[in-house]
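Peer 1: coords below, sequence missing:
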């Protein structure tokens, strides 16, 4: 059976990336949501080789890690730019997203249903945001479109949780970045994810991610 294991849609940024790639590739999978415990979830440890979600089971293949899932899906349907130079840049910025921006992740954890304007504006997060805005600006300037490299693709998948974070924490952004965030969040698949997140049971919520609006 083909399955995609994901964490709470409300919080799991990596699950969002894997899910978007699978949906863009049109894979028929059973979606299994594992409520996360906020750092150590026994059920995830039991089913995933890495101990993390997302995890894709497809046609006998087991693929963990969201970027690996993106690459797997990209072999089944085009998700990267056709042009070699653009494709190289798209992969480079996606890899940078995959391995970097730790302050942004820590100081502005994803909560797609939250609204915490002004929270998390640390110097480290501000530096990460500046770098992300530069990457977005350069990519969109070359593509001339709403998304990073033309149509909504792998690079947009990797940065979709960042757009969600910006909607939650409302840092100061350039008009161009605001426009890009709006395009990402308006994409039907991203909107579907957010709607599903809002419908999750209240008992799945993690207190420390829901308390982000509190001072300090």
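Peer 2: Here it is on my side, so go on. Here the structure is a predicted model, which is why all the values come from computation and not from measurement.
Peer 1: Now do the contacts for the most centrally placed residue in the chain.
Peer 2: The structure's the chain has its C-alpha centroid closest to residue 161; by CA atoms, centre = their mean the separation is 3.4 Å. Residues near residue 161 by CB atoms under 8 Å, 6 or more residues apart in numbering: 13, 14, 16, 17, 110. (Glycine included, C-beta is placed from N, CA and C.)
Peer 1: now residue 62
Peer 2: Taking CB under 8 Å, 6+ apart, we find residue 62 in contact with 49, 55, 56.
Peer 1: Okay, and which of those residues map to strands?
Peer 2: 55, 56 (DSSP state E).
Peer 1: what sits against the residue lying closest to residue 114 once chain neighbours are set aside?
Peer 2: Of all residues not flanking residue 114 in the chain, residue 168 sits nearest, at 4.9 Å (CB to CB, 6 or more residues apart in numbering). If you count contacts by CB under 8 Å, 6+ apart, residue 168 has them with 108, 110, 111, 112, 114, 115, 116.
Peer 1: Could you export the residues you listed as CSV, including distance to residue 31 and secondary structure?
Peer 2: Formatted as CSV, the contacts of residue 168 follow (distance: CB to CB, whole Å; DSSP: H, G, I helix; E, B strand; the rest coil):
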residue, distance to residue 31, secondary structure
108, 26, coil
110, 18, coil
111, 20, coil
112, 16, coil
114, 23, coil
115, 26, coil
116, 28, coil
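Peer 1: Might one say that residue 54 is in contact with residue 8?
Peer 2: No - contact criterion CB atoms under 8 Å: residue 54 and residue 8 do not qualify, at 12.0 Å.
Peer 1: Make a PyMOL selection of whichever of the contacts of residue 62 turn out to be buried.
Peer 2: To isolate the buried ones among the contacts of residue 62 in PyMOL, judged by 16 or more other CB atoms under 10 Å, type:
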select buried, resi 55+56
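Peer 1: Looking at the contacts of residue 62, which is nearest residue 63?
Peer 2: residue 56 (4.3 Å; CB to CB).
Peer 1: roughly how far apart are the closest one and residue 191?
Peer 2: Applying CB to CB, to the nearest Å, the value for residue 56 to residue 191 is 22 Å.
Peer 1: One more: residue 197?
Peer 2: Counting by CB to CB - residue 197 and residue 191 are separated by 11 Å.
Peer 1: neighbour-wise, which of the two wins?
Peer 2: residue 197 (20 against 12; other CB atoms under 10 Å).
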